[in-house]
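Asks: no FASTA, just this:
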Ligand code: NAP
Ligand code: G4F
């Protein structure tokens, strides 16, 4: 039985990756931050009490800002594969929390790589996946591929560039098996509610049922290459199964504006978005990334990865469960319960 360790297991991608690896009969270990509220909701469908026999999912308290915890977890879990997904992953927030973002995204990766150096020092072998981002291309002209120079436009993106180069340097300097995945935006019904796609699908479905009146957004002209998270985590695993480590762009190759996403989501909901969407400058970024469109020819040829879910299918896939959620909220509200609209103003 192979063992995998996932940092960021409670996030969108971490939860999809954990499910994918469990289905492949891996023993899966995840690093979870201590929080005063539950942060393991996305893992609920696959989590079993550790007292039960046959459990293959194990969670460990740790943090990528705490190198000692990473070393302890490596010793306890003894993984064959490590997926470094932990991040303060919100681009807009990285302008408010620049130092913290660098500490988690850039130095956090370095801490994990240093812990890995110690872990392999007695001859153990491990394969490492680094979660790179299309944000690293920033202002570079599309289509972007592995040879496109990085031009980061936010503290988040600059930190991801640093993490990318740390990973590449550790591969070359110490002969470690490390792959950088450069993933373009990928979404799902589990996407955090402060990212634009989920913010739109949550709000429009609530508006449809009369639970909310307005949706405040920023720049509608930005274009993103949006894929489905379930397809993208598969690519992470595929990279680590190759004979030699390498870096790969993972993208659908199609780009759409925020406005197009809004149009399609609104037409599925039957809502006229022009009546309810308003601009709020707080959602604009000091420096924007205008146009991302990936060229994933290398991954398609070398690791035989390709996306399965189209843009239109993705939008529908996100609207439908949010409509169900809104119906549940409406039922509660009609029964006299207070339905709280959580901090959407943050994203
Ligand atoms: P996400 O939903 O924001 O999840 C981030 C994960 O990192 C969460 O589990 C979070 O824990 C954890 N985390 C944050 N700070 C941490 C710390 N100090 N120590 C340990 N864990 C910490 O992000 P995602 O969409 O799944 O993305 C996964 C990775 O891929 C991230 O590195 C992201 O930057 C990168 N990426 C994402 C995309 C995309 O479109 N989704 C594209 C390219 C790259 P809590 O649950 O406790 O907050
Ligand atoms: O959904 P977003 O916040 O995602 P963004 O900035 O592209 O970053 C995501 O994808 C990256 C991969 O390229 C990841 F590395 C990163 O971790 C994250 O997962 O914003 C998308 C676009 C931006 O241009 C933003 O300005 O939507 C625009 N937007 C317009 N109104 C908004 C809003 N974004 C947010 N979050 N909230 C708005 O109200």
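Replies: Yep, that arrived. All figures in this text were calculated on a predicted structure; none of them were measured in a lab. Ligands and ions are numbered 1, 2, ... in the order given.

Asks: nearest to ligand 2: which residue in the stretch 201-347 of the chain?
Replies: Residue nearest to ligand 2 within the stretch 201-347 of the chain: residue 222 (3.0 Å; Cβ to the nearest ligand atom). Heads up, the C-betas are built off the backbone N, CA and C, glycines and all.

Asks: roughly how far does that residue sit from residue 229?
Replies: 19 Å (Cβ to Cβ, to the nearest Å).

Asks: I'd say residue 187 and residue 200 touch.
Replies: No. Under the contact definition of Cβ atoms under 8 Å, residue 187 does not touch residue 200, with a separation of 10.4 Å.

Asks: pull the number of nearby residues for the nearest residue to residue 193 once chain neighbours are set aside.
Replies: Closest residue to residue 193 in three dimensions, ignoring its sequence neighbours and counting by Cβ to Cβ, 6 or more residues apart in numbering: residue 202, at 5.5 Å. When counting by other Cβ atoms under 10 Å, one arrives at 23 neighbours for residue 202.

Asks: number of nearby residues for residue 145?
Replies: Counted with other Cβ under 10 Å, the neighbours of residue 145 add up to 17.

Asks: do residue 194 as well
Replies: 18.

Asks: rewinding a little: neighbour count: residue 222 and residue 229, which is higher?
Replies: Applying other Cβ under 10 Å to residue 222 and residue 229 shows that residue 229 carries more neighbours, namely 23 against 17.

Asks: thought that one was touching residue 186?
Replies: Yes. The pair residue 229 and residue 186 qualifies as a contact (Cβ under 8 Å) at a distance of 4.4 Å.

Asks: what is in contact with those two at once?
Replies: Common neighbours of residue 229 and residue 186, counting by Cβ atoms under 8 Å, 6 or more residues apart in numbering, are residue 13.

Asks: ok, residue 72 - contacts?
Replies: Counting by Cβ under 8 Å, 6+ apart, residue 72 makes contact with 60, 62.

Asks: any idea which helix or strand carries the closest residue to residue 272 other than its chain neighbours?
Replies: Counting by Cβ to Cβ, 6+ apart, the nearest residue to residue 272 once its immediate chain neighbours are dropped is residue 266, at 6.9 Å. With elements taken from DSSP states H and E, the one containing residue 266 is helix 258-269.
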